[in-house]
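> after the sequence you'll find the predicted model.
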Amino acid sequence: MENRFEKIVKDIFSFTQFVSEAENEIPNQSSRYDDCWWELEILNASAFELVKKLNQSKQE
C-alpha cells in the first residue's frame, strides 16, 4: 500500500505542476481555455483532498 500511496501523491504533484504551468504558458487565453483551466484547478483541489483522506486512512 505504501508504494501505491507514494505513486498517487507523486502523480498528483505532477498534475499540480502541469496545472500551474498551463496557467502561464498560453499567452492569448480564450474563454474556452479559461473554462478548461478552471476545471483543472477544481480537479487539482479535489486531488489534494483525496491525498488527505488517503493519508488519514493509511494511518488508521
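Yep, that arrived. In this text, all values refer to a predicted model and were calculated from it rather than measured experimentally.

> what packs against the particular helix or strand that has Gln17 in it?
Element membership for Gln17, per DSSP states H and E: helix 2-25. In this structure, helix 2-25 packs against helix 31-59, with contacts taken as 3 or more C-beta pairs under 8 Å, 6 or more residues apart in numbering; DSSP states H and E. C-beta here means a position set from N, CA and C on the backbone, and glycine is covered the same way.

> what about the helix it packs on, average pLDDT?
For helix 31-59, mean pLDDT is 83.

> which parts of it are buried?
Leu40, Ala47, Leu54 (16 or more other C-beta atoms under 10 Å).

> centre of the chain versus the helix holding Gln17, how much separation?
Relative to its chain's centre, helix 2-25 lies at 5 Å (C-alpha atoms, centre = their mean, to the nearest Å).

> what does stretch 15-31 give?
For stretch 15-31, the separation from the chain centroid amounts to 13 Å (computed by C-alpha atoms, centre = their mean).

> and stretch 21-41, end to end?
End-to-end distance for stretch 21-41: 12 Å, by C-alpha to C-alpha, to the nearest Å.

> contacts for it, please.
Under the contact criterion C-beta atoms under 8 Å, 6 or more residues apart in numbering, stretch 21-41 has outside partners Phe18, Val19.

> count the neighbours of the spatially closest residue to Leu54 that is not a sequence neighbour for me.
Once flanking residues are discounted, Leu54 sits nearest to Phe5: 6.0 Å by C-beta to C-beta, 6 or more residues apart in numbering. Phe5 has 14 neighbours, counted by other C-beta atoms under 10 Å.

> tell me who's in contact with Phe5.
Taking C-beta under 8 Å, 6+ apart, we find Phe5 in contact with Leu54, Asn55, Lys58.

> again with Phe18
Leu40.

> so Val19 makes contact with Asn44?
Yes: assessed by C-beta atoms under 8 Å, Val19 is found in contact with Asn44 at 5.0 Å.

> follow-up on the earlier one: can I get the contacts of Phe5 in CSV with distance to Val9?
Below are those laid out as CSV (distance: C-beta to C-beta, whole Å):
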residue, distance to Val9
Leu54, 8
Asn55, 8
Lys58, 11
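
> Asn24 and Trp38, how far apart?
Separation of Asn24 from Trp38 (C-beta to C-beta, to the nearest Å): 15 Å.
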